[in-house]
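Engineer: coordinates only, sequence not included:
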């Protein structure tokens, strides 16, 4: 096993500031790079360079890093700075990644809500659920299975410029899986797939390779914790495996009104022991963004009010993030300044662009924020998260723009919003 480095030592260009934790697979450090920026540095104990799958793991991680960098999911992932070897007596593998504050995890948000130190309204819970499922949908579109999802691995960084009030980051992707490529450790004796007790899927404890549906199972548990009266549906850890296999979770009693039972049904089906019976992350996300409900407890614990966006013209000199639209086929377009979208521009996303008028809507930038303004001359309605809009609306990562008709439930050419 490689020697753990000490506070004050240098690992290449990184100065070790603090040792955060040490486990069987790796030791984590807080470090500072040569520019003075704080990073999260991870030193691997397994695999070591003497293991047969060591080189394969390094190549697999580089492929994971590239795939995330090329996907809209990059907006919901910690930044993967570099992966490298260092002679720490003996030589071992390190990852340098963006430093995020683990105290701002969804796990802690739920704990504070449970003890009522920081109550969450239905609107806040629902928005967290929407953005979480939007992120996992994009992860799956990149052909990646997280495999160890849990509230502790979903970080909500305070961001007053976001409608949610947070920026969401998914962490701990170092033993995630490429869904179209066998993991290097697959055939290694006594080396299984990683998960966390109380959140692992049936595939984990049956010895099968986790799939996208395995992440959906765990997302189902997280959605119960966020949106239902019951909270975690399998609280008794001793009977977790048998309860999961028997699908003993009751249908969720939601904390708010969604107008029908479709969300409850999808959440309950997410916990099915059969992968084929579970919905996809995309189906869960689409159902969540349909919601219009609001429960009584929003009046008791209102969300912090925020000033309405100023209606003045956007500042074209802003140096904030670019807005990215992605179609279901994976086609992306990036916008850095005010832009009109009509049939001609939308044609790059697919044949359903024929339902767009010329123009259909306008993307506007104000400071660090983006907005959509529907064209009042458009034949079909501009839809935001399944609802027709008639006025200027703010855009958040995970929102879905489309054209259609709200009264008939028809939407065409859904485009998912992210930022870069």
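Structural biologist: Looks like it came in fine. Predicted model, so just to flag it, every value in this text is computed and none were measured.
Engineer: what's in contact with the one helix or strand residue 109 maps to?
Structural biologist: Assigned by DSSP states H and E, residue 109 belongs to helix 106-114. Applying CB atoms under 8 Å, 6 or more residues apart in numbering, the contact partners of helix 106-114 are 118-120, 128, 132, 150-152, 154-156, 222, 225-226, 231. Placement of C-beta: from N, CA and C, glycine included.
Engineer: and it, how far out from the chain's middle?
Structural biologist: Put simply, helix 106-114 sits 18 Å off its chain's centre (CA atoms, centre = their mean, to the nearest Å).
Engineer: please apply the same query to stretch 43-50.
Structural biologist: 28 Å.
Engineer: what's downstream of the helix holding residue 109, the next helix or strand?
Structural biologist: Per DSSP H and E, the first helix or strand lying C-terminal to helix 106-114 is helix 122-141.
Engineer: residues contacting residue 209?
Structural biologist: Contact analysis of residue 209 by CB under 8 Å, 6+ apart lists 177, 182, 183, 186, 193, 203.
Engineer: now stretch 215-222: mean pLDDT?
Structural biologist: In this model, stretch 215-222 has a mean pLDDT of 98.
Engineer: what of stretch 229-243?
Structural biologist: Stretch 229-243 comes out at a mean pLDDT of 89.
Engineer: list the buried ones in it?
Structural biologist: Neighbour counts using 16 or more other CB atoms under 10 Å place 230, 232, 233, 234, 240, 241, 243 of stretch 229-243 among the buried residues.
Engineer: biggest separation within these, which pair?
Structural biologist: Spatial extent of the buried residues of stretch 229-243 (CB to CB) is set by the pair 230 and 241 at 19.2 Å.
Engineer: without its sequence neighbours, what residue ends up closest to residue 120?
Structural biologist: residue 113 (4.4 Å; CB to CB, 6 or more residues apart in numbering).
Engineer: what are the ranges of the strands in the stretch 251-400 of the chain?
Structural biologist: Along the stretch 251-400 of the chain, the segments classed as strands by DSSP state E, counting those that start in this stretch run 323-326, 332-335, 339-341, 361-366, 369-374, 381-384, 387-388, 393-394, 400-405.
Engineer: stretch 100-119 spans what distance, first to last residue?
Structural biologist: In stretch 100-119, first residue to last residue: 23 Å (CA to CA, to the nearest Å).
Engineer: cool, and stretch 200-219?
Structural biologist: 10 Å.
Engineer: and that stretch, how far out from the chain middle?
Structural biologist: For stretch 200-219, the distance to the chain centre is 17 Å (CA atoms, centre = their mean).
Engineer: list the buried ones in that stretch?
Structural biologist: Buried residues in stretch 200-219, counted by 16+ other CB under 10 Å: 200-205, 209-219.
Engineer: next, format the strands of the stretch 251-400 of the chain as JSON lines and append mean neighbour count and mean pLDDT.
Structural biologist: Output for the strands of the stretch 251-400 of the chain, formatted as JSON lines (neighbours: other CB atoms under 10 Å; pLDDT from 0 to 100):
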{"stretch": "strand 323-326", "mean neighbour count": "22", "mean pLDDT": "91"}
{"stretch": "strand 332-335", "mean neighbour count": "16", "mean pLDDT": "88"}
{"stretch": "strand 339-341", "mean neighbour count": "19", "mean pLDDT": "92"}
{"stretch": "strand 361-366", "mean neighbour count": "22", "mean pLDDT": "93"}
{"stretch": "strand 369-374", "mean neighbour count": "21", "mean pLDDT": "94"}
{"stretch": "strand 381-384", "mean neighbour count": "22", "mean pLDDT": "94"}
{"stretch": "strand 387-388", "mean neighbour count": "15", "mean pLDDT": "90"}
{"stretch": "strand 393-394", "mean neighbour count": "18", "mean pLDDT": "94"}
{"stretch": "strand 400-405", "mean neighbour count": "22", "mean pLDDT": "92"}
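Engineer: so residue 56: helix, strand or coil?
Structural biologist: What DSSP: H, G, I helix; E, B strand; the rest coil gives for residue 56 is helix.
Engineer: among the contacts of helix 106-114, who's most crowded?
Structural biologist: Per-residue neighbour counts (other CB atoms under 10 Å) across the contacts of helix 106-114 peak at residue 132, which has 27 neighbours.
Engineer: would you confirm that that residue contacts residue 156?
Structural biologist: No: contact criterion CB atoms under 8 Å: residue 132 and residue 156 do not qualify, at 9.4 Å.
Engineer: joint contacts of those two?
Structural biologist: With CB under 8 Å, 6+ apart as the test, residue 132 and residue 156 both reach 106, 168.
Engineer: picking up where we left off before, of the contacts of residue 209, which is the nearest to residue 326?
Structural biologist: residue 177 (22.0 Å).
Engineer: so what's that closest one closest to, chain neighbours aside?
Structural biologist: Per CB to CB, 6+ apart, closest to residue 177 is residue 145, 4.3 Å.
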